[in-house]
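In: here's my sequence, what's the structure:
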Amino acid sequence: MEAQGGYQSQYQFGNAFDPTKPRPRSQSFASSFSSQYSFDNNASSIVGFADYSRRRIGPVTDHGSSMVQWIRNAGPRWKRKRGFESERPTPSYMVDVSRNRGVANVAPPSRTLQMLPPIARPTAAAHTVPTTFLHSSLNKVKYPINVVLWTPEGRRLLTASSSGEFTLWNGMAFNFETIMQAHEYAIRTATYSHHEDWLISGDQEGIVKYWQPNFNNVKEIQAHDKGSGIRGLAFAPTDVKFVTGSDDATLKVFDFAQGRDEVTLSGHSWEVRCVDWHPKKGLLVSGSKDNTVKLWDPRNGHCLTTISSSKQQISRTVFEPSQGIMLATCGRDRLTRIFDIRMMRDVFILRGHEHDVTSLTWHPVHRNLISTGGHQGCLNHYLLDEQNLPPGMEATKSPYDTSDPKTPAQNIYPAHSIPYAHEPPNGTIWSLAWHPLGHILASGSNDRITRFWTRARPGEETWVNDRYHIGQEAAQARGTYSREGMARQAKEDEEQEALDEAEGLVDQQMPSKASAPVFPGLPGLVQAAPTQDATNGVSSLLPGIGGATAPPIMSALPPGGLPGMPALDPSKLDLSKLAELFGGQLPPPPSGGASTFPPPGIAGNTSLHLPRRSNRTTRRRSNHNRSSLSPLQAQLFKPNRSLTRHF
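Out: I've put the predicted structure just below:
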């Protein structure tokens, strides 16, 4: 589906491989593909293709070609017609060959992987499991990442940190784009509306802010009491209302347009840790530190039922986003439970974490793929239709495969696990988010790093022995990890991030709330307090008029001119051109002074004989300027007029 790193370049093929000849059947898929292409350890480039720039190619994931190919060639299945080759276990079926004919001394033909995107194969979730590390992104000033969220169009990833900052990362090259101070306190949660028109965020002080897609802050409300951090936000299916969950053990339903709370939901005996709204119905779910999961009616605030299957606090409660039939919950009991709200019971129990489960997310396309993050940085991926039992355990039936209502929940083990996705002991994964197309997974952690994951390339096996799967020490012993190389790469990444930040947008700092009130209707323009002039009692907001202090006026240019400017030769000053700029005549000299005109060094006397132009338009413009400026000059320079000092 996606082309990573050097797939945009051209391969160098020798005599060992001829794309026009069939591969011997005795040769396996993995050995044939791995022998033709060799991959580096960090999956950022391919060794064996022409290196024209001599510059290290970053881990770029381009999904455009595969999406275009699928959209252009997609058709009804009953026609049995496909315009490009589908996935089969041979390189010839996976690699699309396009020859450069009639060109001499040109590199061999370019090859582009034509892999199907997840939306083209909704029933093949196993092909989408993100096993490969792509990139690590971190700010210059590092803070724990509490929220990772893809923008609706998928071009950027939004991260929110405990410092109250929003950071935008490019969704294809993963480089820094911009940063802004969104809140004064730690941001705990954020979510986009279903119509993709609004973003709301909540912080540790109970404040909710409204954001437009261009990150213009248009509204701010105090949703809960100060000090009661907001732990969860969710929009209604119609985006007319949204719900908040707070540390004050309550939930509130707000009218989005008016920004006021309509219903307060009370029933939890401890802090509310998470909340979600059903994707199609008026149904709320919340999890709390009191070890309970509650379902609510948002219209009247009544608690419909309470689920007490867990003996530890609940960390996340998330409805399945497409149909909403299943509900996933996780917490400190190291388990993730999947409930069927039609039967109001748990049908699957996801095991495999050795510590607290702190985050989870459903795949946007595959309903049976769910990813969870743990307290020590472990990242697990589960397929609900595969048990993946450890050796020695017997398979069991799920409640969907039997008519016995007393059938216990089926145990599911990870289809793939990344034990060291984030470095322990500070690698708690607080947030997970899938790209809207479903080909990249982003994780935000307490170790201040945002990481991107995707599926492996066909035939690639180096990810099995990387440091994220076996640890740094084991990877270093096997030669797949080097501390010096990673330090050098980290330094290069930091330099590149600094360059991107210098060339990109300037950091936006939030204005201080301790300043004076703003102008009505103009957000961001601070209104200074008016002061009164001691000489004439005139108060003003503009410097130089009234009491505001104006910058000092220079009586004469210093010798040699201003610093950094070439010296001015008065003898070469053309007063006729200067007069043309004023409509044909120079302004009168200031009164009350002993200055001479022209200034010393300029030849000529005070009476300038300027050439008259015959152009009627110029004459009319000169008369108009003279007639409009004369009353103002007479008013300003009359003897009885007392002007301020710096006018």
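In: please tell me how far Lys397 sits from Thr407.
Out: Look at Lys397 and Thr407: by CB to CB, to the nearest Å, they are 7 Å apart. In this view, the C-beta of every residue, glycine as well, is placed from N, C-alpha and C.
In: okay, domains of this structure per the record?
Out: Taking automatic domain parsing as the criterion, the chain consists of the domains 3-117, 126-503.
In: quick one, which of the ones you listed is packed in tightest?
Out: The highest average neighbour count among the domains of the chain, using mean count of other CB atoms under 10 Å, belongs to domain 126-503 at a mean of 19.
In: what bridges to Phe242?
Out: Here Phe242 shows beta-bridge partners Phe235, Phe254, assigned using DSSP bridges.
In: from Val148, how far out is it?
Out: The separation that Phe242 has from Val148, given CB to CB, amounts to 20 Å.
In: sketch out the low-pLDDT regions of the chain for me.
Out: Applying pLDDT under 70 to the chain flags the ranges 1-62, 65, 73-115, 484-487, 489-490, 493-494, 496-573, 583-584, 586-647.
In: quick one, helices of it?
Out: Read by DSSP state H, the chain holds these helices, from start to end of the chain: 29-36, 64-73, 91-94, 467-470, 472-478, 483-503, 575-581, 616-636.
In: identify the residues contacting the fifth one?
Out: Contacts of helix 472-478 with the rest of the structure, by CB atoms under 8 Å, 6 or more residues apart in numbering, involve Tyr420, Asn465, Asp466, Arg467, Ile470, Tyr481, Ser482, Arg483.
In: quick check: the first one touching Gly471?
Out: Yes. The pair formed by Tyr420 and Gly471 meets the contact definition of CB atoms under 8 Å, at 5.4 Å.
In: check contacts around Val357.
Out: Ser315, Arg316, Cys330, Gly331, Arg332, Arg334, Leu335, Thr336, Thr372, Gly373, Gly374, His375.
In: for it, name its beta-bridge partners.
Out: Under the criterion used (DSSP bridges), Val357 bridges to Gly374.
In: closest one of the contacts of Val357 to Gly301?
Out: Nearest to Gly301, judged by CB to CB, of the contacts of Val357 is Arg316 at 22.6 Å.
In: Leu432 and His135, how far apart?
Out: Separation of Leu432 from His135 (CB to CB) stands at 16 Å.
In: over to Asn214?
Out: When CB to CB is applied, the distance between Asn214 and His135 equals 25 Å.
In: one more: Thr151?
Out: When distance is defined by CB to CB, Thr151 is 17 Å away from His135.
In: and what of Thr428?
Out: Computed with CB to CB, the distance linking Thr428 and His135 is 20 Å.
In: these two touch, right, His381 and Pro130?
Out: Yes. Taking CB under 8 Å as the contact criterion, His381 and Pro130 are neighbours in contact, 7.0 Å apart.
In: so for these two, which residues contact both of them?
Out: Taking CB under 8 Å, 6+ apart as the contact rule, the neighbours common to His381 and Pro130 are Ser371.
In: for Phe452, which residues make a bridge with it?
Out: The bridge-partner assignment for Phe452, based on DSSP bridges, gives His135, Ala442.
In: what's near enough to touch it?
Out: The neighbours of Phe452, taking CB under 8 Å, 6+ apart as the test, are Pro59, Thr61, Phe133, Leu134, His135, Ser136, Ser137, Leu157, Phe174, Ile440, Leu441, Ala442.
In: same question, Cys274
Out: Cys274 makes contacts with Arg231, Gly232, Gly245, Ser286, Gly287, Ile314, Ser315, Arg316, Thr317, Val318, as judged by CB under 8 Å, 6+ apart.
In: ok, which stretches of the stretch 201-350 of the chain are strands?
Out: If you assign secondary structure with DSSP state E, counting those that start in this stretch, the strands in the stretch 201-350 of the chain sit at 207-211, 217-222, 230-235, 241-246, 250-255, 260-266, 272-277, 284-288, 293-296, 303-307, 314-319, 326-331, 336-340, 345-350.
In: got the CA coordinates for the fifth one in CSV?
Out: C-alpha atoms of strand 250-255 as CSV (Å, rounded to 0.1, in the frame of the first residue of the first chain):
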residue,chain,number,x,y,z
THR,A,250,-19.2,14.1,37.4
LEU,A,251,-20.0,14.3,33.7
LYS,A,252,-21.6,17.2,32.0
VAL,A,253,-23.5,17.5,28.7
PHE,A,254,-23.0,20.8,26.9
ASP,A,255,-24.8,22.6,24.1
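In: which residues does it contact?
Out: Strand 250-255 is touched from outside by 208, 221, 223-224, 240-246, 260-266, 268, 272, 275, 284, 286, 296, 298, 301, with contacts defined as CB under 8 Å, 6+ apart.
In: same thing but 7 Å
Out: Residues from elsewhere that reach strand 250-255 (CB atoms under 7 Å, 6 or more residues apart in numbering): 223, 241-245, 260-266, 272, 275, 286, 296, 298.
In: same deal with the fourth one?
Out: Under the criterion CB under 7 Å, 6+ apart, residues 200, 202, 206, 208, 223-224, 228-236, 251-256, 272, 274-275, 277, 284, 286, 298 lie in contact with strand 241-246.
In: and what of the shortest one?
Out: When contacts are taken as CB under 7 Å, 6+ apart, the neighbours of strand 293-296 outside the stretch itself are 251, 265, 267-268, 283-287, 303-307, 314, 317, 329.
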